[in-house]
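[1] okay, sequence plus prediction incoming.
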Amino acid sequence: MSVLSMKNIFKSFQNLDVLKDISLEVSEGEVVAVIGPSGSGKSTLLRCATFLESVDAGQVAYLGEAVDFRKKASIQRAKGCFGLVFQNFNLFPHYSVLKNIMDAPVTVQKRNKSEVYQQAIQLLDKLGLADRTDAYPCQLSGGQQQRVSIARALAMNPKILFFDEPTSALDPELTGEVLKVIRSLAREHMTMVIVTHEMAFAREVADRVIFMDGGIIVEEGTPKEVFDQPRQERTRQFLRNYSGL
Amino acid sequence: MIVSAIDVDKLMLMAQQMSQGVATTLSLFILTLLFAMPLGLLVSFGRMSKNVIVRNVTKFYISVMRGTPLMLQLLVVYFGPYLLFGITISPSYRFPAAVISFSINYAAYFAEIYRSGIESMPAGQYEAANVLGYGKGQTFFKIIFPQVVKRILPSVTNEIITLVKDTSLAFAIAVLEVFTIAKQIASAQTSMVPYVAAGIFYYLFNYLVAFIMERVERKLNYYH
Ligand SMILES: Nc1ncnc2c1ncn2[C@@H]1O[C@H](COP(=O)(O)OP(=O)(O)OP(=O)(O)O)[C@@H](O)[C@H]1O
Ligand SMILES: [Mg+2]
């Protein structure tokens, strides 16, 4: 079943065409890695999928239901389907770890507080943060903050989770703990779209790899196909910068 | 002995008159904050509005409030009804006129402080809230505003301290606040004492303001 379907998406800023006729289908349980050089439009693609940017043309559908961008209710319904993990976490600094995770499920989804609390505790436990429930974001390391932000997204019970370079803002020694969490989510067949510069990780965790350049999808396939036998010269050129694969 | 008895009487009377002034100054101060702080938020919304007309009208309002003397604004608000519409003004309008002038004037200053705080918030906070499904109002009042308060607290403290001293401008329309009364007693008794007393009052008042605001700041120091 298709969780996300983007069809013929166009997006430009002023006179800069950033997405040129991009189509992307993600089915349930699938892990898609998006790679590509800086400025190729990866973040913009995620921002269009999560309605942080409006598309100029094209269609976005969640769980088979096309989003009608003129209708607030349609957008709000679709928002309930996805979560987004930012490069720089964007945790709410004035909320404790627990409140960061619980607030949206309680105020936005109007769920029962004690049920949300149970879930939050479980998530924190699973993400290795059981002892940090009362801490504030500023008291946590980058890796811990990113894990909290993943827990915050998961607490909304999304059908699909987007990651925009989840480890790029972290010190190298902290990327491991975040990648570990994403890896375990992949094992549980969480549907995910991950924009990343961690090629080894993309190869390991993704069912499908998408290579973007200049606002188009240049090549896509299994990690083996894209990394070992890239058909496009541009893909080969890009991958040459990442040795040791 | 007789002389000192008269002095004591004088002092008692002075203290009594001054304490009435203190009550008036305090009410003027509290009412002004009560009106100006929320009004300032509204004005800052207008200042940041997408609507060009609303934005420019608010901008003009702010520039007039900040660009002309508060004393002049007091006189306009107090005498305006008479000079413009021929409405007879009673002395009981003095205090309300002072509250109105101070409120609309301080609202302009608060608006600019709020705006600077709101505009300093990183876009990521709005985006995170947006993706989580918070509505516009929820995003502002739950996520943005509490953080703005922390950021603008030092500027707000400055503004409040200035207000304490500015209440003395109400003497221009003969509101019986501390300064007006001090001035009356001083000229009646040809004495410096009332001025000294008034000075001590304003100083202690602001000392208290600074103390409270420092407490509040420390209370918000649990995150950064
Ligand atoms: N809000 C915006 N206004 C104007 N230009 C923008 C905006 N957002 C992105 N761009 C431009 O669009 C292009 C694609 O940006 P995008 O952030 O999607 O690239 P990216 O593939 O995520 O790059 P990186 O790997 O560096 O994160 C860039 O040239 C960028 O400067
Ligand atoms: Mg990016």
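    Noted; the coordinates are in hand. Ligands and ions are numbered 1, 2, ... in the order given.
[2] strands of chain A, residue ranges please.
    A:2-13, A:16-27, A:31-35, A:57-62, A:65-66, A:82-85, A:160-164, A:192-195, A:208-213, A:216-221 (DSSP state E).
[3] can I get those strands in a markdown table including mean neighbour count and distance to chain B?
    For the C-beta atoms, the positions are set from N, CA and C on the backbone; glycine is no exception. Formatted as a markdown table, the strands of chain A follow (neighbours: other Cβ atoms under 10 Å in any protein chain shown; distance: least, Cβ to the nearest Cβ, whole Å):
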| stretch | mean neighbour count | distance to chain B |
| --- | --- | --- |
| strand A:2-13 | 17 | 14 |
| strand A:16-27 | 17 | 17 |
| strand A:31-35 | 25 | 18 |
| strand A:57-62 | 17 | 13 |
| strand A:65-66 | 12 | 16 |
| strand A:82-85 | 26 | 5 |
| strand A:160-164 | 23 | 9 |
| strand A:192-195 | 26 | 14 |
| strand A:208-213 | 23 | 21 |
| strand A:216-221 | 18 | 24 |
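[4] could you give the number of residues near residue 121?
    Looking at chain A here, since you left the chain open. 15 (other Cβ atoms under 10 Å in any protein chain shown).
[5] switch to chain B, that's the one I care about
    Count around residue B:121 with other Cβ under 10 Å applied: 15.
[6] leaving out sequence neighbours, find the closest residue to it.
    residue B:144 (5.6 Å; Cβ to Cβ, 6 or more residues apart in numbering or on different chains).
[7] then residue A:159?
    Nearest residue to residue A:159 in three dimensions, chain neighbours excluded: residue A:81, at 4.6 Å (Cβ to Cβ, 6+ apart).
[8] contacting residues for the one you found?
    Residue A:81 makes contacts with A:3, A:62-63, A:158-160, as judged by Cβ atoms under 8 Å, 6 or more residues apart in numbering or on different chains.
[9] widest-spaced pair of those?
    Using Cβ to Cβ, the contacts of residue A:81 span at most 11.3 Å, a distance reached by A:63 and A:158.
[10] of all the strands of chain A, which lies closest to residue B:56?
    Among the strands of chain A, strand A:2-13 comes nearest to residue B:56, with 27.1 Å by Cβ to Cβ.
[11] now do the closest one against strand A:31-35, angle only.
    20 degrees (axes from the mean of the first three to the mean of the last three Cα atoms, to 10 degrees).
[12] please identify which of the contacts of residue A:81 is nearest to ligand 1.
    Among these, residue A:160 lies closest to ligand 1 (Cβ to the nearest ligand atom), at 18.6 Å.
[13] test my guess that the closest one contacts residue A:192.
    Yes: between residue A:160 and residue A:192 there is a contact at 6.9 Å, judged by Cβ atoms under 8 Å.
[14] about what we covered before: could you measure from the residue nearest to residue A:159 over to residue A:160?
    Distance of residue A:81 to residue A:160, computed by Cβ to Cβ, to the nearest Å: 6 Å.
[15] where does pLDDT dip in chain A?
    Applying pLDDT under 70 to chain A flags residues A:243-245.
[16] can you list the residues of it near chain B?
    Taking Cβ under 8 Å from any Cβ of the partner chain as the contact definition, chain A meets chain B at A:50-52, A:76, A:79-80, A:82-84, A:86, A:88, A:90-94, A:103-104, A:107-109, A:136-138, A:152, A:156.
[17] circling back: surely the residue nearest to residue B:121 touches residue B:119?
    No: using Cβ under 8 Å, residue B:144 is not in contact with residue B:119; the gap is 10.8 Å.
[18] list the residues that contact the spatially closest residue to residue B:75 that is not a sequence neighbour.
    Nearest in space to residue B:75, with sequence neighbours left out and distances taken as Cβ to Cβ, 6+ apart, is residue B:172 at 6.3 Å. Contact analysis of residue B:172 by Cβ under 8 Å, 6+ apart lists B:71, B:74-75.
[19] out of those, which is most surrounded?
    residue B:74 (24 neighbours).
[20] count of neighbours near residue B:87?
    When neighbours are counted by other Cβ under 10 Å, residue B:87 registers 11.
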